[in-house]
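Student: Sequence isn't available, so here's the structure alone:
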Ligand code: PEP
Ligand code: MG
């Protein structure tokens with residue numbers, strides 16, 4: 001039911017990085033997530049008779065927090081369940097308890113001791129960078145929950161809205177997002193976080209329109225009427241409700257039409273574009289095979305080994321890979337990426353410890369410099385899996401910086417009867433794409449890392465969302481150079497980073513000459529439907545617009561104008 005417009009309402013507009021398209025409107029539910037300062041003051045130093053008593057209170061609180069994470073993990077699925085289980089483990093962590101004990105022993109009150117211990121861990125995790133740095137939000141979440149238990153307040157977090165609302169928060173922890181009900185939380189706005197942040201990933205999984213990196217978002221009063229546009233990145237506060245509801249309705253109809261798209265992908269004038277899936281294991285590969293995809297564009301093999309202490313044998317690896325390849329033995333193909341261990345994906349049996357700057361260190365292909373057997377055994381296993389399943393298998397290496405690396409890798413792959421390619425994730429590879437293509441059969445652009453390295457901005461840094469944006473003109477120039485090299489060589493150039501899942505950007509990427517787009521399987525239909533509605537000429541015009549734009553906002557606005565959005 002629509003509410004009459006308030007003519008006196010003066011709308012203000014905030015803006016951020018749009019990460020999940022769609023329009024949503026409703027009252028703001030602002031999550032502050034802090035324990036009340038009054039309760040903390042009342043608790044004081046806790047009045048414990050001894051340090052042992054204080055530690056016993058800590059143990060009780062830690063157990064309660066861990067139990068509540070474990071309960072949420074049981075109710076969640078997939079990645080969310082794994083993250084929650086990890087948080088339960090972190091709450092019970094002996095190292096954390098040891099640090100608390102040390103501070104209590106040194107005379108600190110229990111709450112300052114908990115805060116100091118968590119701060120110590122935050123510093124260590126932050127300096128490790130990548131995935132570990134991403135766990136900082138989880139640690140801070142655990143701290144808030146521990147303090148809440150100690151002072152006897154309910155655990156902070158996202159309350160269940162009583163009516164469909166737009167959730168506004170500084171950033172969301174996995175425990176906040178795991179239980180989100182898309183019928184009640186119709187949109188997400190965060191003040192921090194970038195396109196690859198946890199909030200963005202969960203919002204994409206749930207299909208909730210989302211804008212991140214919105215300065216001033218948490219100052220919006222709870223209950224204020226918001227209109228969120230997950231395509232333009234605009235969040236209107238206090239605007240006309242009737243007009244807002246009309247926009248929500250139009251957007252819902254468009255999204256429904258997109259979900260009905262069944263492929264095969266092509267522009268409106270019939271130029272084919274391959275849409276492929278990004279997968280992590282046998283189960284995601286099987287799920288994606290039911291979507292209108294022509295294969296897998298990125299199988300992240302390292303994700304199969306995150307919890308392994310020792311390198312699996314060739315036979316075991318072959319059987320894991322064969323399970324991923326099998327659903328595609330019907331004439332489709334799979335691009336297997338060799339281990340991208342290191343930096344944000346530490347793998348016990350492969351990565352180097354204690355690097356000063358792991359994102360610029362020995363990761364991906366570079367691990368094979370000092371350990372060539374690791375790569376050879378993996379390629380043997382991929383070759384065996386391809387033979388066993390009969391699936392057309394291409395193999396690509398991550399983090400390739402030089403033409404010589406591409407040549408050496410290609411020789412190893414060809415020796416096993418497979419098709420070699422390399423990822424373009426480092427600007428040097430994009431600038432030398434034409435030379436890379438003399439060595440290999442295809443290129444696949446990893447826009448997550450290409451953006452990180454082109455902009456010198458950690459892809460996980462929540463404060464650098466405006467830089468870690470694939471719409472940055474410098475990143476788009478590197479993609480255009482790579483696509484042009486592909487056109488000249490007559491060889492495929494695909495995109496397998498998050499950028500491929502953005503329907504608007506997909507139009508411009510195809511206009512640059514990119515031949516395939518690989519993404520989370522949930523994003524395939526909206527991208528396919530968008531491409532089917534535009535001609536090749538429009539795609540080329542979109543490419544020209546984004547390459548001429550001075551910043552991501554202008555680039556997005558230009559393409560939206562062109563498409564009449
Ligand atoms: C990328 O960097 O864009 C990519 C696809 O690889 P990953 O996200 O696994 O680093
Ligand atoms: Mg990468």
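Tutor: Sure, I can see it. The shown structure was predicted, so the numbers you read here are calculated from the model rather than taken from an experiment. Ligands and ions are numbered 1, 2, ... in the order given.
Student: Can you give me the buried ones in the helix or strand hosting residue 82?
Tutor: Secondary-structure element containing residue 82, defined by DSSP states H and E: helix 78-91. Of the residues in helix 78-91, those scored as buried under the neighbour-count criterion (16 or more other Cβ atoms under 10 Å) are 79, 80, 81, 83, 84, 85, 87, 88, 90, 91. From N, CA and C alone the C-beta is placed, and that goes for glycine too.
Student: Low-confidence stretches in the chain?
Tutor: Segments of the chain classed as low confidence (criterion: pLDDT under 70) are 1-9, 33, 76-80, 129-134, 174-175, 178, 198.
Student: Tell me the strands beside the longest strand seen in the chain, with direction?
Tutor: Scanning the chain for the strand with the most residues, using DSSP state E, yields strand 23-31. Strand pairing for strand 23-31, determined by DSSP bridges: strand 165-169 (parallel), strand 225-229 (antiparallel).
Student: In CSV: these, plus distance to residue 329 and mean neighbour count.
Tutor: CSV is the format used below for those (distance: least, Cβ to Cβ, whole Å; neighbours: other Cβ atoms under 10 Å):
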stretch, distance to residue 329, mean neighbour count
strand 165-169, 43, 25
strand 225-229, 42, 25
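Student: Report the separation between the closest residue to residue 231 other than its chain neighbours and residue 562.
Tutor: Nearest in space to residue 231, with sequence neighbours left out and distances taken as Cβ to Cβ, 6 or more residues apart in numbering, is residue 21 at 4.5 Å. Taking Cβ to Cβ, to the nearest Å as the measure, residue 21 falls 16 Å from residue 562.
Student: Enumerate the residues of the stretch 301-450 of the chain near ligand 1.
Tutor: Taking Cβ under 6 Å from any ligand atom as the measure of proximity, the stretch 301-450 of the chain contacts ligand 1 at 340, 425, 446, 447, 448, 449.
Student: in what helix or strand does the residue nearest the centre of the chain lie?
Tutor: Among the residues of the chain, the one closest to the centroid is residue 196, at 3.5 Å (Cα atoms, centre = their mean). With elements delineated by DSSP H and E, residue 196 resides in a region that no helix or strand encompasses.
Student: For the stretch 51-200 of the chain, which residue gets nearest to ligand 2?
Tutor: When scored by Cβ to the ion, the stretch 51-200 of the chain has residue 196 as its residue closest to ligand 2, at 10.3 Å.
Student: list the contacts for that residue?
Tutor: Contacts of residue 196 were listed using Cβ atoms under 8 Å, 6 or more residues apart in numbering, and they are 448, 459, 460, 468, 498.
Student: any idea which of those residues is closest to ligand 2?
Tutor: Within these, the smallest distance to ligand 2 is 5.3 Å, found for residue 448 (Cβ to the ion).
Student: got the contact list for the residue nearest to residue 67 when sequence neighbours are not counted?
Tutor: For residue 67, ignoring the flanking residues on the chain, the nearest one in space by Cβ to Cβ, 6+ apart is residue 88 at 7.7 Å. Neighbour list for residue 88: 66, 67, 69, 70, 73 [criterion: Cβ under 8 Å, 6+ apart].
Student: ditto for residue 31
Tutor: By Cβ under 8 Å, 6+ apart, the contact list for residue 31 reads 157, 158, 159, 167, 168, 169, 172, 176.
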